[in-house]
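S.K.: Mind looking at a prediction? Sequence and model below.
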Amino acid sequence: MKRVLLVINTLGRAGAERAMIELLKRLEGKGYEIFLYVLMNQGELLEELPPAVKLLNQGFSSQPILEKGGRRGMVKTVLKAFFRNGAWGAKLCQLMRNLADMIKRRRIQLDKLLWRVLSDGAPRFEQTFDLAVAWLEGGSAYYVADWVRARKKAAFIHIDYGSAGYTRRMDQGCWKQFDRIFTVSSEVQEHFTAFYPEYKEKTLVFPNFIDQQRICRMAKETGGFSDRYDGARILTVGRLEWQKAYDIAIEAMKLLKTTGCEVRWYVLGEGKERKKLEKKIAELGLNDDFLLLGAVENPYPYYRQADLYVHATRFEGKSIAIQEAQALGCPIIASDCNGNREQVEHGRDGILCELTPDAIAESIRDLLGQEQKRKALGTAAEGKKASDNAQLEKLTELME
């Protein structure tokens, strides 16, 4: 029986993690022995793993990674990783070098600063796998490249690589170790191969899997909005991170309220930007209008009940949230940026706009005023098909 290992950074409630679980479900029952290792040893999606998957972590924590207790757990994991496997001096030098580079770029990203410490300080396994898969860029890619024994290695890229803050110096040649590099969209492939032209020949597009039937079924379950608001509802789903441009969305909401638009904006997701965003919301007097609801176990009733889904981000890879909104027939407004423009066809199944408060507010006002157009966009979005199982052969053929 072929042995397959997947490595992921965390098992938190986010799009890439859910896409990996869908991949695991498709691998299950096909004659493979499937293993999973979670670099941060933490995440709330543990119970959603298929029964056949063997978790290699010891003392795994199901605490949400973005809540206070979960953050404390991650700090402990980082400290353990720093002292495990020795080479403390090398780890410290790498950390300081990456920090100096980030200071020069005026963009300090704590996760990318620590990925090398975590990958070099993670437990190592003696067994050899037929295929090892790094499901995310960063820590899992570094770990699989440097410390996993496997006959074949594959990696997945889910993001606009350069925009996300990665550098060749940070990667330290890790991509040379992979037999195949998969990107979740053509745009992600284009940006990655521009960054690493020498790996163009071994880079293929492999879209994320989603379970459309499951999403539609869960959308009918009890849940969703509970505030009895009778105006229009806008929904956004995503981590509270700089990439997601909530600061600009909040300013757009202020413009909508200033012009008398009867609308509330709801955000499902958690993240390190919460306090900063809450401060901005309060300063603009939007405490009752722009609501950060946190992460929820079942977001799909919210999609079904919303009048508009808005995804105004600075950059994307291929957004699972947009795919979910399309599966549920939501009219979508998205910023015209990398990733979004590949998923939304302007004027046919959604609207693309500039990432400015004025452009977002104008697009929302325009679409809220045209019920028939909203219905037409939602119907076209719902007609989009998700990736089928034929894509799976791109991965499994590596073992043949």
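M.R.: Now that the structure is in, tell me what you want to look at.
S.K.: Next, the contact list for the nearest residue to residue 384 once chain neighbours are set aside, please.
M.R.: With sequence-adjacent residues excluded and distances taken as CB to CB, 6 or more residues apart in numbering, residue 384 is closest to residue 326, at 5.1 Å. Any C-beta I mention is one placed from the backbone N, CA and C, and that applies to glycine too. With CB atoms under 8 Å, 6 or more residues apart in numbering as the criterion, the residues that contact residue 326 are 332, 343, 349, 381-382, 384.
S.K.: As TSV, these with distance to residue 61 and secondary structure would be great.
M.R.: Below are the contacts of residue 326 laid out as TSV (distance: CB to CB, whole Å; DSSP: H, G, I helix; E, B strand; the rest coil):
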residue	distance to residue 61	secondary structure
332	35	strand
343	33	helix
349	40	coil
381	37	helix
382	38	helix
384	37	coil
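S.K.: what's the farthest-apart pair in these?
M.R.: Across these, no pair lies farther apart than 343 and 382, at 13.7 Å, counting by CB to CB.
S.K.: okay, the two: which has more neighbours?
M.R.: residue 343 (23 against 16; other CB atoms under 10 Å).
S.K.: so how far is residue 329 from that one?
M.R.: Residue 343 is 15 Å from residue 329, where distance means CB to CB, to the nearest Å.
S.K.: re earlier: you'd agree the residue nearest to residue 384 is in a helix?
M.R.: Yes: applying DSSP: H, G, I helix; E, B strand; the rest coil, one finds residue 326 inside a helix.
S.K.: centre of the chain versus stretch 337-344, how much separation?
M.R.: Centroid separation for stretch 337-344 versus its chain: 15 Å, with CA atoms, centre = their mean, to the nearest Å.
S.K.: Strands of the chain, start to end?
M.R.: Along the chain, counting by DSSP state E, strands occupy 2-8, 32-38, 54-55, 129-134, 150-157, 180-183, 203-205, 232-237, 263-268, 290-294, 308-311, 332-335, 351-353.
S.K.: pLDDT of the last one, averaged?
M.R.: The reference is to strand 351-353. Mean pLDDT, computed over strand 351-353, is 96.
S.K.: Mind listing the strands that strand pairs with, and their directions?
M.R.: When pairing is defined by DSSP bridges, strand 351-353 lines up against strand 332-335 (parallel).
S.K.: And the fourth one, by the same measure?
M.R.: Next to strand 129-134 in the sheet, as set by DSSP bridges, lie strand 2-8 (parallel), strand 150-157 (parallel).
S.K.: I'd like those strands laid out as TSV, including mean neighbour count and mean pLDDT.
M.R.: What follows is the strands paired with strand 129-134, written out as TSV (neighbours: other CB atoms under 10 Å; pLDDT from 0 to 100):
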stretch	mean neighbour count	mean pLDDT
strand 2-8	23	96
strand 150-157	22	97
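S.K.: could the ones you listed go into a markdown table alongside distance to residue 395?
M.R.: What follows is these, written out as a markdown table (distance: least, CB to CB, whole Å):
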| stretch | distance to residue 395 |
| --- | --- |
| strand 2-8 | 9 |
| strand 150-157 | 6 |
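S.K.: now for those strands, which one comes closest to residue 281?
M.R.: strand 2-8 (32.1 Å).
S.K.: List of residues touching the closest one?
M.R.: Residues from elsewhere that reach strand 2-8 (CB under 8 Å, 6+ apart): 16-17, 20, 23-24, 27, 31-39, 56, 127-136, 140, 143-144, 148, 150, 399.
S.K.: What's opposite residue 54 in the beta bridge?
M.R.: With DSSP bridges as the rule, residue 54 is bridged to residue 35.
S.K.: wait, it sits on residue 36?
M.R.: Yes: using CB atoms under 8 Å, residue 54 makes contact with residue 36 at a distance of 7.1 Å.
S.K.: Neighbour count: these two, which is higher?
M.R.: Shown here are residue 54 and residue 36; by other CB under 10 Å, residue 36 has more neighbours (23 against 12).
S.K.: Quick check, pLDDT for that one.
M.R.: On the pLDDT scale, residue 36 gets 97.
S.K.: give the contact list for residue 288.
M.R.: Per CB under 8 Å, 6+ apart, neighbours of residue 288: residue 264.
S.K.: let's see it at 10 Å
M.R.: Shown in contact with residue 288 (CB atoms under 10 Å, 6 or more residues apart in numbering): 227, 229, 257, 264, 281.
S.K.: what's the spacing between residue 207 and residue 338?
M.R.: Residue 207 is 16 Å from residue 338, by CB to CB.
S.K.: neighbour-wise, which of those two wins?
M.R.: Taking other CB under 10 Å, residue 207 and residue 338 do not tie; residue 338 has more neighbours (21 against 17).
S.K.: Pretty sure the more buried one sits against residue 317.
M.R.: Yes: with contact defined as CB atoms under 10 Å, residue 338 reaches residue 317; the gap is 8.2 Å.
S.K.: which residues are common contacts for those two?
M.R.: Contacts common to residue 338 and residue 317, judged by CB under 10 Å, 6+ apart, are 159-160, 163, 185, 187-188, 191.
S.K.: Now a ChimeraX select for only the buried ones of the contacts of strand 2-8.
M.R.: In ChimeraX, this line selects whichever of these come out buried by 16 or more other CB atoms under 10 Å:
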select :16,17,20,23,24,27,32,34,35,36,37,38,39,129,130,131,132,133,134,135,136,140,143,144,148,150,399
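S.K.: So, low pLDDT: which residues of the stretch 301-400 of the chain?
M.R.: 386-389 (pLDDT under 70).
S.K.: swap in the stretch 1-150 of the chain?
M.R.: Using pLDDT under 70, nothing in the stretch 1-150 of the chain is flagged.
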